[in-house]
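Peer 1: Requesting a structural model of the entry that follows:
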Amino acid sequence: MPTAPTTPSPNLTVEAIVAVDAPREYRLRPRDRVVAYTAEAAGTRQLFTLSLRGGYPVQLTASEKPVSDPQWSPDGRRLAFVRDEEIWVVEADGSRLTLVVAKPGGGREPRWSPDGHRLAFLSRRRGWTQIWLIDAPVPRRGRPATEPKPPRPAVLTETGVDVDGYQWAPDGTRIAVMARRGPEVDESSQIALVDVATKDVRVVAGKRSVDVGARWLPDGSLLYVSDADGWFQVVRLTADGHDRIVLTAGEREHGEPGGGDGSAPLPSPDGSRFVHIEVHDALQDLLVGELATGAAPRRGRGRPPKTPRVVSAAVAGSRINPWDGVWRSVGWLADGAWVAAIGERETAPQDLWLLPVPGVAPDGSRPRQITDSMPAVVRAALSPARVPAAERVVVKARDGLRIEGTLWRPLNATGKRGGRKVPTVVIPHGGPTAQSFRAFSPFKQLLVAEGFAVFDVDFRGSTGYGRAFRVANVNEWGHADVHDLVDAARWATQQPWSDGRLAIHGSSYGGYLVLCALVDEPSLWQAGVDQFGDSEIAESYRHGDRPGRLDLQKMMGSPDDPARIEGYRRGSPVYRAERIETPLLILHGRKDKRVVPLMAERMVEALEIESKRFEVHWYDEEGHGWEKRENRRDAFERALAFLKANVLDEVPE
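Peer 2: Okay, the predicted model is just below:
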């Protein structure tokens, strides 16, 4: 009998990796096993629903503009979402699409009041990110009005304060608001309770720490994360505001500075448990802890003190994620026995899972994957036999600070006799207040497959390593953090698997650090790829959007302060462009508001004056990053070809 021809294992390609586009923004329907999410369809992101019991997704929208941030009404009959900076509401069956908040003004982050009668949303219509309230459209009842009057929004929070996030209280009378308050822009972040009727504001957390991610418990108490002890811990503020009960402990992060969905602690429906993250080794676990043991201790007689007590009641949580990766919670099912969560790792994109809660879910319950976003051809190309395991690396910086990172090297780059020697691509992350997680980033694996070692470096200023490390690049942008990258790169060249050649590739703040590294140690590198990075940070402050400006001011002060001018100039690589010795690729979006096109234009002008080797490409319809698939593909192809030509000395086809 003739044997069937064998098919060679597929190789990883740019075409394949840009075809992986996982669903995002999962939202559980109240009291029902249905999830809403956004996913790409017909060239943009649309709104879908999916039963957790099985079946096919239902597409609710057919929009030319991308849809984002779906939010279920409390009765589960409607969904609010954002499209083109406007807020819409649609029935759960896709009928009765209603525009609720229009432009000019617009809005984002819609959140239903607990009774479903109002929608809160964020808007910058007065130049500040404020909470506004508007009457929600009423489900169809009887004959519609002959001349319906559109509802008018009313502002809730004050000007002068940009709201980072917010959550309705269970009774609908208050909203917990996360924001930086006060005249000074510093490292603290507060949680305040705003009375919906009177607009009275009472700050309850974060006067000298970063306190974020507030979520309400059924009894009116709050869960949030705080770095008051130097690490993000989960804290419960009792309903009377008299006690802060610390529920986690140790030198590990149990939250992150943004406090957004996926990183905030979530209480179970009955308030007896909570799920939270724990960060370690560029991974993120999900742990479930008991809240009953965190009950406030009994207070003695007499008037309560003005300063709330801080009580430690930390207990070891149970890890519920089935494998190592980067996990984020979505929500609890109504019975409290399951947590819906998103999980991803280097070789698998983010997908939705149901994770059983120990001691609550039925015996024998196992984690269940709900969605599968990985094309079979990409799964085969990223099989364990073809992809190297990640290695955690510790490097000592020149000032003695411990710098951690993750390394991938080709399987044949063993560092032993007969092994291949390879160049290294150093990749600094964006932010800078962020971290290089071991998440799904297939371009890195493509670089490895092409013969590069890839080295993610968590320079000072990164999250995941405690407050002291996170603020270690304050007043040091483009200086001490760049030294960390240079020191890590030098470490790589000294390894037995290295051929001594280096390149650096980064986006946003990572792109800025690419430019800084090329001017700081010009002879160290063979090539650099800068995607939408800054070149002159004082000008970026003056021209960029407000969130980016506040972040820069928080860490570097105002460029108009005479005492800060030297630090701003030192951290602006455009003034030292003459030092660059290696080819540079610059990619930037024409509609970028965070790092405006002027930043690339200034760098290109300086490079032209100095007769440097560089390439620049603009994406006319893109902002801060690449949303369109064809642009992601083009950027990957340009970066890969550039690195191969200038590091591997391959002649372009």
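Peer 1: gap between the helix or strand of the chain with the lowest mean pLDDT and the chain center?
Peer 2: Least confident helix or strand of the chain, by mean pLDDT, DSSP states H and E, is strand 309-312 with a mean of 76. Offset of strand 309-312 from its chain centre (CA atoms, centre = their mean, to the nearest Å): 31 Å.
Peer 1: So which bits of it are buried?
Peer 2: Going by neighbour count (16 or more other CB atoms under 10 Å), the buried part of strand 309-312 is residue 311. To be clear about C-beta, it is placed using only N, CA and C from the backbone, and glycine gets the same treatment.
Peer 1: For whichever helix or strand comes after that strand, which strands pair with it and how are they oriented?
Peer 2: Where DSSP states H and E defines the elements, the next helix or strand beyond strand 309-312 is strand 318-319. Applying DSSP bridges to the sheet, strand 318-319 is found paired with strand 283-290 (antiparallel).
Peer 1: and the longest helix for this structure?
Peer 2: helix 629-646 (DSSP state H).
Peer 1: ok, and what's touching that one?
Peer 2: 14-15, 17-19, 21, 40, 425, 443, 446-447, 450, 452, 503, 505, 526-527, 529, 531, 582-583, 585, 587, 615, 617, 619, 621-622, 626, 650-652 (CB atoms under 8 Å, 6 or more residues apart in numbering).
Peer 1: residue boundaries of the strands in the stretch 451-600 of the chain?
Peer 2: 453-458, 498-507, 527-531, 584-589 (DSSP state E, counting those that start in this stretch).
Peer 1: Dump those to CSV, plus distance to residue 79, mean pLDDT and mean neighbour count.
Peer 2: Conversion of the strands of the stretch 451-600 of the chain to CSV gives the following (distance: least, CB to CB, whole Å; pLDDT from 0 to 100; neighbours: other CB atoms under 10 Å):
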stretch, distance to residue 79, mean pLDDT, mean neighbour count
strand 453-458, 37, 98, 25
strand 498-507, 32, 97, 22
strand 527-531, 34, 98, 27
strand 584-589, 30, 98, 24
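Peer 1: Looking at the ones you listed, which is nearest to residue 124?
Peer 2: Closest approach to residue 124 among these (CB to CB): strand 584-589, 20.6 Å.
Peer 1: Identify the neighbouring strands of the closest one in the sheet and state each direction.
Peer 2: Strands that pair with strand 584-589, judged by DSSP bridges, come out as strand 527-531 (parallel), strand 614-619 (parallel).
Peer 1: Is residue 236 part of a helix or strand, or is it coil?
Peer 2: strand (DSSP: H, G, I helix; E, B strand; the rest coil).
Peer 1: who's in contact with it?
Peer 2: Going by CB under 8 Å, 6+ apart, residue 236 touches 217, 221, 222, 223, 244, 245, 247, 291, 294.
Peer 1: can those residues go into CSV with extra columns for pLDDT?
Peer 2: Below are those laid out as CSV (pLDDT from 0 to 100):
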residue, pLDDT
217, 96
221, 95
222, 96
223, 97
244, 93
245, 95
247, 96
291, 90
294, 41
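Peer 1: so how far is residue 378 from residue 582?
Peer 2: Applying CB to CB, to the nearest Å, the value for residue 582 to residue 378 is 32 Å.
Peer 1: where's the nearest residue to residue 546 once chain neighbours are set aside relative to residue 551, distance?
Peer 2: Using CB to CB, 6 or more residues apart in numbering and skipping residues adjacent in sequence, the residue nearest residue 546 is residue 162, 6.8 Å away. Separation of residue 162 from residue 551 (CB to CB): 11 Å.
Peer 1: Using CSV, write out the CA atom coordinates for the longest helix of the chain.
Peer 2: Extracted in CSV, the C-alpha atoms of helix 629-646 (Å, rounded to 0.1, in the frame of the first residue of the first chain):
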residue,chain,number,x,y,z
ARG,A,629,-4.5,44.3,10.2
GLU,A,630,-2.8,45.4,7.0
ASN,A,631,-0.8,47.9,8.9
ARG,A,632,0.2,45.4,11.6
ARG,A,633,1.4,43.1,8.8
ASP,A,634,3.3,45.9,7.0
ALA,A,635,5.0,47.0,10.3
PHE,A,636,6.1,43.4,11.1
GLU,A,637,7.4,42.8,7.6
ARG,A,638,9.4,46.1,7.6
ALA,A,639,10.9,45.5,11.0
LEU,A,640,11.8,41.9,10.3
ALA,A,641,13.4,42.7,6.9
PHE,A,642,15.3,45.6,8.5
LEU,A,643,16.7,43.5,11.3
LYS,A,644,17.7,40.7,8.9
ALA,A,645,19.4,43.1,6.5
ASN,A,646,21.3,45.0,9.1
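Peer 1: Can you give the distance from it to the centre of its chain?
Peer 2: The answer for helix 629-646 is 24 Å, by CA atoms, centre = their mean.
Peer 1: now swap in stretch 593-610 and tell me
Peer 2: Stretch 593-610 sits 27 Å away from the centroid of its parent chain (CA atoms, centre = their mean).
Peer 1: which parts of that stretch are buried?
Peer 2: 594, 595, 596, 597, 598, 599, 600, 602, 603, 604, 606, 607.
Peer 1: for these, which one is nearest residue 254?
Peer 2: residue 594 (28.4 Å).
Peer 1: ok, now how distant is that closest one from residue 536?
Peer 2: The value you get for residue 594 to residue 536, if CB to CB is used, is 15 Å.
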